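> predicted structure and sequence below. I'll ask about it afterward.
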Amino acid sequence: MARRKLTILPLKRKIELIEAVESGKKQKILAEEFQIPANSVSTIMKRKDHYREQFYSGQVDVNKQRARLANHDDMEAELLRWFTEMQGNNIPISGPMMKTKATSIAETLGKNNWECNEGWIARLKKRHHIVFKTLCGESSSVDAASLNQWRDNVLKKTSKYEPFGAYNADETGLFW
């Protein structure tokens, strides 16, 4: 007899299974539907409070099969707070900047022998869906008063021309 393939359900599917059992469906039918052994359903139901806590905390990726929490969650929370603040002020953040800030936060929290490496930053970015983007354009540096003044000035100068004769060529390039 062939051995049954090990199936590990992601947290999202475990929550779906828990809700289905609580709605009155039979565990045996759900085991076949989720392609897991019947005793796995009862094991999941025994740990349902734990799974719900993880699911609603937002600290775990619900699509992963195994939930792993950060080792330095106090430092990570402080770094994320700093990152969110910098992003809110339209300050571009790079990997080396984040690495330097993580090291200074570690020193502040008393983790003197901890050293930030590229792997830790990469996993942090992946856990929290952080993407370093280049801020394009001058939208963050323009104040509303000067924008309104410029718009009025342009409207005065272009009012004598027909709309079909106006072109925007600021992002146009010639290739030959």
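That came through fine.
> show me where this structure dips below the pLDDT cut-off.
Low-confidence segments of the chain, defined by pLDDT under 70: 1-2, 4, 59, 61, 65, 67-70, 134-142, 169-176.
> find the centremost residue of it, please.
Geometric centre of the chain, nearest residue: H129, 2.5 Å, by Cα atoms, centre = their mean.
> how about that one, secondary structure?
coil (DSSP: H, G, I helix; E, B strand; the rest coil).
> how near is it to G119?
17 Å (Cβ to Cβ, to the nearest Å). Just so you know, the C-beta spots here come from the backbone N, C-alpha and C atoms, and that holds for glycine as well.
> kindly report the same for K156.
For K156 relative to G119 (Cβ to Cβ), the value is 58 Å.
> A102: neighbour count?
A102 sits with 24 neighbouring residues when counted by other Cβ atoms under 10 Å.
> try P92
The burial count for P92: 11, using other Cβ under 10 Å.
> swap in A106?
The burial count for A106: 19, using other Cβ under 10 Å.
> so who does it touch?
H72, M75, N112, W114, C116 (Cβ atoms under 8 Å, 6 or more residues apart in numbering).
> state the phi and psi torsions of it.
phi -60, psi -40 (degrees, to the nearest 10).
> could you chop this structure up by domain?
11-57, 73-127 (automatic domain parsing).
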